[in-house]
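**Student:** sequence first, predicted model second:
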Amino acid sequence: MEIGELVLDGFRADPDRVAAAFEHELTRLVRERGLPADRPWTADVLSGLPPLPAGLSARRLGQELARAVHEGLCGRGEVTS
């Protein structure tokens with residue numbers, strides 16, 4: 001899986017640390033829970049994310065984003081392509 005870009009507006013967290021936490025958490029989720037075989041695994045835009053406080057740590061922000069992306073890819077979130 002390749003994530004081309006994460007765009008975060010309104011957060012002051014270190015983008016490299018957010019990206020590392022995102023990658024780690026998404027890898028863990030895919031390993032443990034997988035992805036459905038009957039769905040395309042691409043998403044151009046992920047929308048409908050729950051509100052996240054701007055003061056989240058980089059680690060927590062990356063984790064929450066990864067969970068939202070995984071949910072979207074599994075059909076339990078809102079992904080548009």
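**Tutor:** The structure has been received and is ready for your questions. Residues are numbered from 1 along each chain as shown.
**Student:** hmm, Phe22 is touching Leu6, no?
**Tutor:** Yes. Between Phe22 and Leu6 there is a contact under CB atoms under 8 Å: 6.5 Å. From N, CA and C alone the C-beta is placed, and that goes for glycine too.
**Student:** anything in contact with each of those two?
**Tutor:** Residues touching both Phe22 and Leu6 (CB atoms under 8 Å, 6 or more residues apart in numbering): Leu65.
**Student:** more crowded one of those two?
**Tutor:** More neighbours surround Phe22 than the other of Phe22 and Leu6, with 22 against 16 (other CB atoms under 10 Å).
**Student:** can I take it that Ala21 is in a helix?
**Tutor:** Yes. Counting by DSSP: H, G, I helix; E, B strand; the rest coil, Ala21 is part of a helix.
**Student:** could you report the neighbour count for it?
**Tutor:** 22.
**Student:** which of the helices or strands spans the closest residue to it other than its chain neighbours?
**Tutor:** Leaving out its chain neighbours, the residue that sits closest to Ala21 by CB to CB, 6 or more residues apart in numbering is Gly62, at 2.7 Å. Here Gly62 sits within helix 58-73, counting by DSSP states H and E.
**Student:** ok, and for stretch 24-37, which residues are buried?
**Tutor:** 25-26, 29-30 (16 or more other CB atoms under 10 Å).
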